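> Prediction below, plus the sequence it came from.
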Amino acid sequence: MIDFRYHLVSIVAIFLALALGIVLGSTTLSNSVSDTLRQQASSAAKTAQQARLDQRRIERQLRGEEQFAAGLAPQLVADRLKGQSLVLIETPGAGNDSIEQLSELAKNAGATVTGRVVVQKKLLDDDQRDTVDELASQLKGDGVEFPADADAYAKAGAVLAGALVTKDGAKTGREDASGGAVLNGFKQAGYVTTSGKPGQHATLAVMVAPSAAYAYDGGGEDNKALISLAAALDAADRGTVVGGPATSAQEGGLIAALRDSDAKDEVSTVDTVDTSSGQIVTILALQTEMGGKSGQYGTGAGVSGYLPSPAPTVGKNG
């Protein structure tokens, strides 16, 4: 007869076997999971290391391309703007390095740089709109026409353009009383500062966009005001280009706003002006503008290519 002790031993043996199976199974499972995790960690480490190597390779390539473009820039742009003159417009928040480099490259291209106009933040302040309108109306010269339904900044753009640029190369190189009065009026109001002799009426203009979007309330209106100035310059000269870094072509940036406006059909943009190759493209864009064609160049949204295509040849300056 099977007694109670036998049943007890059997039950204990069964539970011991189950416990041993659980321990052995969990150990095997644990080893399997650990092996999988180790493999995944090893693979991730290899991927990260390859990404670091690729990043270093790309950085070396970019430095090499920048060095290549900077070294050959004077030769690539030589004589492309021969006989022309250029005025530089600096917007609030624009990078000074790009402006200095563009100035030197324009001289290599054969252009005379008349000077620089620095737009002050005060000009764009909302509480100045009525004053800007009144000042522009007071300083309007005989040869300046306001666009139909022009707002304060369209009027200011037309007046400033009349003082800074011309389509007639024979009129460059000298300042006139009307233009001098305009620049003095805007300087005394604290709206602009100048260096050089921007009143000598250049045939070309480059506006350098802010490095970052105007993030405050009213930033969109500030972009519209600057676009009005760029459009007025383009209407009064032989070509205007708005250049800026890649950030200026992102949402809220001046170049992005211009590319979404009607002005894009007349004013060219370059969103790589903080690079040597982008500065070369800016000279090519000016040359293309003189031929009566506008374009959007660079790497951001809305571009037709990195540079004009086909690229204008030397001597073909419209």
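Good, I have the coordinates. Residues are numbered from 1 along each chain as shown.
> just for the stretch 51-200 of the chain, where's the confidence low?
The model of the stretch 51-200 of the chain has pLDDT under 70 over residues 62, 68-70.
> show me where it has helices.
Shown for the stretch 51-200 of the chain, the helices assigned by DSSP state H, counting those that start in this stretch span residues 96-108, 121-124, 129-139, 152-164, 177-188.
> Residue 46: neighbour count?
10 (other C-beta atoms under 10 Å). To be clear about C-beta, it is placed using only N, CA and C from the backbone, and glycine gets the same treatment.
> One more: residue 251?
Using other C-beta under 10 Å, the number of residues around residue 251 comes to 8.
> Next up, the contacts around the closest residue to it other than its chain neighbours.
Leaving aside its sequence neighbours, residue 251 sits nearest to residue 213 (C-beta to C-beta, 6 or more residues apart in numbering; 7.0 Å). Going by C-beta atoms under 8 Å, 6 or more residues apart in numbering, residue 213 touches 219, 247, 248, 250, 251, 252, 253, 254, 256.
> measure the third one to residue 235 for me?
When you say that, I think you mean residue 248. 22 Å (C-beta to C-beta, to the nearest Å).
> higher neighbour count, the two?
residue 248 (34 against 17).
> That one in helix, strand or coil?
Look at residue 248: counting by DSSP: H, G, I helix; E, B strand; the rest coil, its state is helix.
> Hmm, residue 271 and it touching each other?
Yes - counting by C-beta atoms under 8 Å, residue 248 touches residue 271, with 6.0 Å between them.
> from the contacts of residue 213, which is closest to residue 180?
Ranked by distance to residue 180 (C-beta to C-beta), the contacts of residue 213 are led by residue 254 at 28.3 Å.
> Near that closest one, how many other residues are there?
Neighbours of residue 254 (other C-beta under 10 Å): 29.
> now swap in residue 118 and tell me
Counted with other C-beta under 10 Å, residue 118 comes out at 16.
> show me where pLDDT drops low in the stretch 201-318 of the chain?
In the stretch 201-318 of the chain, residues with pLDDT under 70: 215-218, 315-318.
> Could you pull out the helices in it for me?
Ranges of helices in the stretch 201-318 of the chain, per DSSP H, counting those that start in this stretch, are 219-236, 254-259, 276-290.
> would you turn these into JSON lines with distance to residue 242?
As requested, these are exported to JSON lines (distance: least, C-beta to C-beta, whole Å):
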{"stretch": "helix 219-236", "distance to residue 242": "5"}
{"stretch": "helix 254-259", "distance to residue 242": "6"}
{"stretch": "helix 276-290", "distance to residue 242": "10"}
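> mind checking which of those is nearest residue 67?
Nearest to residue 67 among those is helix 276-290; the distance by C-beta to C-beta comes to 8.2 Å.
> could you say what helices and strands the closest one packs with?
Judged by 3 or more C-beta pairs under 8 Å, 6 or more residues apart in numbering; DSSP states H and E, the packing partners of helix 276-290 are helix 4-77, helix 96-108, strand 204-208, strand 240-243, strand 268-270.
> 10 Å instead?
Counting by 3 or more C-beta pairs under 10 Å, 6 or more residues apart in numbering; DSSP states H and E, the packing neighbours recorded for helix 276-290 are helix 4-77, helix 96-108, strand 204-208, strand 240-243, strand 268-270, strand 296-297.
> Does residue 150 touch residue 133 like I think?
Yes - assessed by C-beta atoms under 10 Å, residue 150 is found in contact with residue 133 at 9.2 Å.
> Mutual contacts of the two, please.
Both residue 150 and residue 133 are contacted by residue 156, under the criterion C-beta atoms under 10 Å, 6 or more residues apart in numbering.
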